[in-house]
Structures are given as C-alpha cells and as structure tokens.
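[1] Predicted coordinates and the sequence they were generated for:
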Amino acid sequence: MRRRLAAILAADIVGYSRMMGRDEDGALAALRDFRSTALTPAVADRHGRIIKSMGDGWLVEFDSSTDAVACALALQESLKDNRLLRLRIGVHIGDIVHEDDDIFGDGVNIAARLQEVAVEGGIALSGSIYDSIDPTLGQDFSDAGPHALKNIARPVQVWMRGRANAPTARSAVLEGFPNITIRPCSRPEENAELADLADGIISEVAGSLAAADWLNARIRALPAPDDYVLDGALRARGDMIRLEMTLTAPSGEQAWRRSFDGALSDSFAWQDRASADIAADVFGCLFDSERERVLAVPMEELSAEDCLLAGVLEFFEVSESALESALACFKRATDRRPDFALAAERAAKCALAGFAAGCGPGLQASLAHIPEWLAASRPSAVIDLADTMWRRRSAPDDDALGAAAGRALAASPDDGDALYLAGWAYLWLGVPETAANCFRRFSRENRYSALTTAARAGLATAWAEAGRDLAAIENAEDVIAVSDDFAAPLRAKAAAAAHLGRMDEARQAVKAALRIDPGDSVARLRAAGGYGDAPAVQRFLDGLEKAGFPE
C-alpha cells in the first residue's frame with residue numbers, strides 16, 4: 001500500500017444538524033449554492049481534489065501546502081457575509097494512503113483534529129504546514145502553541161486564524177489512567193540517517209500506544225514521578241544497527257527490556273517491524289502490570305479512578321460475563337464520584353457496545369443506568385449516536401439513526417467508539433457494506449482497543465447480511481476461537497451456514513449461542529437489538545430462522 005505526502009484540508013459546517021432541523025430545504029439550497037459557487041471553483045483553481053463529502057463537511061487533497069491554505073482562506077472569505085453557513089477548517093501536511101476511493105493516514109487524522117479546534121469562521125494549521133507555505137499567507141495566522149489532539153501521540157504546534165478553541169496538552173490527560181512517558185531515543189547526533197530513524201520509531205511507538213484508550217502516552221524528556229518510562233538507544237556499526245529499549249515502572253524497577261537488530265540497507269522495513277514489536281510488548285507489559293495492581297486491592301477499597309481502570313481492563317476479555325463485570329466496575333466508579341464524566345462515558349459506551357451486539361441477560365441490570373450515564377457524559381457526536389441507538393428501543397427512527405452515525409463518523413473519523421457504534425447502527429439499518437467499512441477501519445486504526453474482537457463479530461454479521469457467507473463464517477470463527485462466551489459471532493455463523501445449506505454446522509452454532517443466552521430469539525433481536533426491516537437485515541434473520549434459531 002503506497003504512502004505519499006499530501007496537504008489535507010478538512011472542513012466542517014458549524015451547527016449542521018441544527019440548520020437542517022430548522023429549515024431543511026433552505027439549508028440544502030444554501031449548501032448546493034456554496035458548493036457550486038465557492039467550494040468547487042476554489043478547489044479547482046488551486047489544483048485540489050475533493051476526496052470525500054460527508055454531508056456536513058469535506059476532505060480535500062492538495063499537492064501544495066500553499067494551495068491548501070490559500071483555498072482555506074478563500075472559502076472563509078466567501079462566507080464572511082453569509083448568515084447561515086459557517087465553517088471550521090483544519091489543514092495539515094502528512095502521509096496519506098488511498099484505499100477504496102477514500103484516504104487514510106496521519107495527514108487526514110491530524111487535519112480532522114485541527115478542524116475540531118478551529119473556531120467558527122476560523123482556520124487551524126499545523127506547524128508543519130505553516131512552515132512550508134508562502135510567508136505572505138502566514139501573516140493571517142497567530143501562534144496558538146502546542147495542542148494535544150485526540151488520538152494523536154504528540155502535541156501539535158497550531159497556528160490559528162481566529163481565537164484558539166482547544167484544550168492544552170495538560171487538559172488532554174485522561175484522568176484515572178496510567179501515564180507512560182516515551183523519551184526521545186538517544187543516537188549519534190552527527191548521523192542524520194540514524195537520527196531520522198530513531199525519531200521515526202519513537203513517533204510510531206507513541207502513536208500506537210496513544211491509540212489505546214486507557215493510556216496517556218506522551219513523548220517528552222522529563223517524566224512525572226508516577227509515569228512508566230520508555231527509553232531507547234540506537235547504535236550503528238557499519239551497515240548493522242541495534243536498538244535497545246527499556247521500560248521502567250513507576251517504582252523504578254525495570255519492567256521490560258529488549259534489543260532489536262537490523263541493517264541500514266533495510267531500515268524502512270526494519271523500522272516498521274521494530275515499532276510494531278515494541279508497541280505490542282510494552283502494551284502487554286502495561287496491561288499485565290496495571291491489571292495485577294488493581295486486582296490486588298478489594299473492589300470496595302478501590303478509588304473511583306481505579307474502578308474505572310479495572311472496568312476498562314476487565315472489558316478486554318471477550319465474553320458476556322466480562323462485560324457484566326466491567327459494567328459493575330464502572331457503576332462503582334460513578335457511585336463513588338457522581339461527577340466523574342469520563343467514567344459515565346465509558347459506562348455508557350460499554351453498555352451500548354454490548355447492547356448493539358445483542359448481549360444477553362447479564363446486561364439487563366445495567367441497561368437501566370444507560371440514560372443516567374449518557375446524561376453525565378461529556379457532550380460529543382459519539383455520545384449523541386449512543387443516545388440515538390438507545391432511544392431506538394422505544395422510538396425507531398431510521399433517518400435519525402443514520403444521521404447520528406454520519407455525524408459521529410464526520411466528527412471523529414478514526415475514533416474507535418464512533419466506528420464501532422456506527423458499524424452496528426448501519427447493521428440495524430441494513431447497510432452492510434457501510435457497516436463492514438466501519439469495522440475494517442476500526443481494526444486498522446484501533447489495534448489496542450478492547451472492542452477489537454467484538455468488531456470482528458460485527459464484520460461477520462455484516463457479511464452475513466450482505467450475502468458473503470464464507471467471509472461471514474471465517475470472521476465468526478476467528479472470534480469464536482478467542483471466546484466461547486460471546487453469542488454475536490455464533491449468530492453470524494449460524495445464519496451464513498444456513499444460507500450455504502451447511503445445516504449441521506448452522507444448528508451447532510445455534511445450540512452454542514443458546515447455551516450462552518437461553519432466552520435469545522429473532523423477536524428479541526428485533527426489539528432490543530434495533531434491527532429494522534431492510535432486505536439485508538431480513539436475509540440475516542431468515543438465515544437464523546433456517547438454522548433453527550427461536551422466532
């Protein structure tokens with residue numbers, strides 16, 4: 001998969017859902033006019049390409065940093081007297097990958113996060129793109145300092161046209177979760193090639209660890225007293241290179257150490273392998289260490305913060321009983337601290353994750369708390385999607401669900417919770433290809449999430465809806481191999497096998513699913529799981545009935 005450097009402009013329409021709610025016809029007319037008279041000409045004049053239109057925003061690719069920023073300025077200028085439409089724009093230059101008429105990579109991720117910190121009518125530039133533009137364009141921007149952007153490992157230097165609208169790096173720390181400081185790797189300063197290689201490895205490791213939603217991973221020289229600390233040293237002798245990495249626990253004890261040998265002639269491939277191995281080893285070490293720490297304390301003696309962490313770590317076991325235990329931990333955290341918004345948010349998302357996947361009676365006690373957890377969560381497009389999915393129990397509304405999923409993905413295109421919940425929402429709506437795309441993107445961008453295996457179950461269900469029955473069975477069996485206490489992959493396998501005429505296999509899958517959840521049925525999936533009447537949904541449910549699943 002070929003990567004290349006590009007300048008990415010991410011634009012978002014402020015208050016899109018409010019505009020549509022007040023005057024849908026007028027809002028759509030204004031959007032059409034803006035696109036035809038301002039957006040399309042401005043992009044074309046500067047040799048850009050509109051890669052994605054998301055209803056309430058756009059991603060645009062440019063070969064030139066100056067063209068990207070000039071286009072952003074032109075767009076905001078075109079709207080200065082517009083009383084209806086307002087944009088937020090973020091621009092960054094970085095690596096991108098094209099796949100299936102879409103683009104991915106740091107260039108896209110950081111541009112999208114910069115758009116979120118821009119104010120109405122404003123533009124946020126990363127330091128890298130500011131440094132590469134025509135100086136005359138830069139006069140419109142002021143230094144807003146380093147910002148911590150969600151799921152981005154390092155603070156990003158931001159230049160702002162308009163007032164800064166974002167938290168500083170300090171406020172981005174997730175309260176109650178362990179911290180790891182990744183120190184810059186020591187290397188011979190006179191060797192520019194080694195310096196670039198060392199910086200690249202540290203950046204990739206930090207990015208991977210920061211993607212874990214229960215770790216605060218930061219690159220900095222001076223750790224705090226309670227931090228885990230990851231150190232590295234890179235040396236070379238001729239063509240041979242050696243990287244030595246050490247992880248130190250907050251107690252000062254060495255928690256992990258490993259050496260990685262390679263060759264400068266193979267440095268790019270070696271960097272990819274070493275970075276992936278380091279991140280995996282360190283993640284596993286931190287997981288085991290923190291789990292051992294919280295399990296050593298009786299639950300009733302844990303702080304609210306440690307109850308939250310215990311729930312997150314418990315949720316990594318892919319089973320319905322683990323989900324029940326995780327929710328009990330979150331409930332203790334919110335009982336101890338009713339104002340603990342992060343714990344309420346995790347509880348709501350965890351409960352909705354199980355609810356979406358059709359988990360069984362063990363979840364019922366926690367469902368009653370979902371409204372209070374949602375109400376106590378920090379407002380976001382993802383929480384709005386979770387709330388819409390929950391409300392579907394009593395007021396099914398396909399349009400509202402589709403709109404909420406679209407907003408969540410537009411606001412947080414690489415966020416694991418957004419991708420996971422949107423994937424199940426699209427399954428309920430009977431749009432399996434879109435659901436599958438969400439789950440595949442989830443797996444690509446959220447390697448260290450507790451929902452990784454559950455997302456594979458969602459992908460299996462998507463293929464069962466789409467008629468790709470062999471792929472459904474393959475993905476379902478991958479999940480079943482990891483957990484024998486999770487009904488969702490067994491349902492997908494049963495439906496797909498029945499459509500293929502493999503009835504013994506289908507009946508065995510139904511038997512296993514009902515062993516986990518004896519009260520499961522097609523009617524309950526429709527009522528509690530949110531499945532509608534779309535043809536793809538009906539195909540999945542018909543397969544379950546053919547396999548002998550209770551009606």
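    Nice, I can see it.

[2] what residue ranges in the stretch 51-200 of the chain score low on pLDDT?
    Flagging of the stretch 51-200 of the chain using pLDDT under 70 yields the residue ranges 100-102, 145, 148, 150-151, 153, 162-174, 189.

[3] can you pull out the strands in it?
    When secondary structure is read from DSSP state E, counting those that start in this stretch, the stretch 51-200 of the chain shows strands at 57-62, 87-99, 102-104, 123-126, 142-147, 156-161, 179-182.

[4] Partner strands of the last one, with direction?
    It refers to strand 179-182. Partner strands for strand 179-182, per DSSP bridges, with pairing direction: strand 216-219 (parallel), strand 228-237 (parallel).

[5] any idea how far the helix or strand just after the last one is from the chain center?
    What that stands for is strand 228-237. In the C-terminal direction, the helix or strand that comes right after strand 228-237 (DSSP states H and E) is strand 240-248. For strand 240-248, the gap between its own C-alpha mean and the chain's C-alpha mean amounts to 30 Å (Cα atoms, centre = their mean, to the nearest Å).

[6] Looking at stretch 6-24 now, give me its mean pLDDT.
    Averaging pLDDT along stretch 6-24 gives 82.

[7] Quick check: buried residues in that stretch?
    Along stretch 6-24, the positions that meet the burial threshold by neighbour count (16 or more other Cβ atoms under 10 Å) are 6-14, 16-17, 19-20. Placement of C-beta: from N, CA and C, glycine included.

[8] For residue 446, find the nearest of the strands paired with strand 179-182.
    strand 216-219 (14.3 Å; Cβ to Cβ).

[9] and that closest one, how far from the chain's centre?
    Relative to the centre of its chain, strand 216-219 is centred 17 Å away, using Cα atoms, centre = their mean.

[10] Go through that strand and flag the buried ones.
    Neighbour counts using 16+ other Cβ under 10 Å place 216-219 of strand 216-219 among the buried residues.

[11] Then stretch 39-52?
    Neighbour-count burial for stretch 39-52 [16+ other Cβ under 10 Å]: 39, 42-43, 46, 48, 51-52.

[12] Quick check: helices, which of those residues are part of them?
    Using DSSP state H, 42-43 are the members of the buried residues of stretch 39-52 that sit in helices.

[13] I'd like the buried residues of stretch 39-52 written out as a markdown table, with distance to residue 397 added.
    As requested, the buried residues of stretch 39-52 are arranged in a markdown table below (distance: Cβ to Cβ, whole Å):
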| residue | distance to residue 397 |
| --- | --- |
| 39 | 30 |
| 42 | 36 |
| 43 | 35 |
| 46 | 40 |
| 48 | 37 |
| 51 | 30 |
| 52 | 26 |
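
[14] Which of the buried residues of stretch 39-52 sits closest to residue 438?
    The shortest approach to residue 438 among these belongs to residue 52, at 14.4 Å (Cβ to Cβ).

[15] Could you verify my assumption that the closest one touches residue 98?
    No - with contact defined as Cβ atoms under 8 Å, residue 52 does not reach residue 98; the gap is 11.4 Å.

[16] which of the strands of the stretch 51-200 of the chain is buried the deepest?
    Using mean count of other Cβ atoms under 10 Å, the stretch among those with the largest mean neighbour count is strand 123-126, at a mean of 29.

[17] so what does it touch, helix or strand wise?
    The criterion is 3 or more Cβ pairs under 8 Å, 6 or more residues apart in numbering; DSSP states H and E, and the helices and strands that strand 123-126 contacts are helix 65-78, strand 87-99, helix 106-117, strand 156-161.

[18] Residue 327 is nearest to which of these?
    Evaluated with Cβ to Cβ, the helices and strands packed on strand 123-126 place helix 106-117 nearest to residue 327, the distance being 29.4 Å.

[19] Can you give the domain ranges for the chain?
    Using automatic domain parsing, the domain ranges for the chain come out as 3-170, 179-295, 304-546.

[20] Could you single out the most deeply buried of those domains?
    Of all the domains of the chain, domain 304-546 has the most neighbours on average by mean count of other Cβ under 10 Å, namely a mean of 21.

[21] Between the two ends of that domain, what distance do you get?
    Using Cα to Cα, to the nearest Å, the end-to-end distance of domain 304-546 comes out at 47 Å.

[22] my read: residue 107 touches residue 10, true?
    No - in this structure, residue 107 is not within contact of residue 10 by Cβ under 8 Å, at 9.8 Å.

[23] Show the contacting residues for residue 544.
    By Cβ atoms under 8 Å, 6 or more residues apart in numbering, the contact set of residue 544 is 491, 494-495, 498, 510, 522, 525.

[24] Closest one of those to residue 406?
    residue 525 (23.9 Å).

[25] For that closest one, give its distance to residue 491.
    Per Cβ to Cβ, to the nearest Å, residue 525 is found 8 Å from residue 491.

[26] Now do the shared contacts for these two.
    With contacts defined as Cβ under 8 Å, 6+ apart, the residues adjacent to both residue 525 and residue 491 are 358, 544.

[27] any idea how far the nearest residue to residue 195 once chain neighbours are set aside is from residue 9?
    Excluding the flanking residues, the one nearest residue 195 by Cβ to Cβ, 6 or more residues apart in numbering is residue 187, at 5.7 Å. Using Cβ to Cβ, residue 187 is found at 35 Å from residue 9.

[28] Check which element follows the helix or strand harbouring residue 506 along the chain.
    In this structure, residue 506 sits in helix 503-516 according to DSSP H and E. In the C-terminal direction, the helix or strand that comes right after helix 503-516 (DSSP H and E) is helix 522-529.

[29] That next one packs against which elements?
    Under the contact criterion of 3+ Cβ pairs under 8 Å, 6+ apart, helix 522-529 touches helix 341-356, helix 535-546.

[30] ok, 10 Å please
    Packed against helix 522-529 by the contact rule (3 or more Cβ pairs under 10 Å, 6 or more residues apart in numbering; DSSP states H and E) you find helix 341-356, helix 416-429, helix 487-499, helix 535-546.

[31] Mean pLDDT and distance to residue 404 for those helices - can I get that in TSV?
    What follows is the helices and strands packed on helix 522-529, written out as TSV (pLDDT from 0 to 100; distance: least, Cβ to Cβ, whole Å):
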stretch	mean pLDDT	distance to residue 404
helix 341-356	88	12
helix 416-429	92	7
helix 487-499	95	22
helix 535-546	96	18
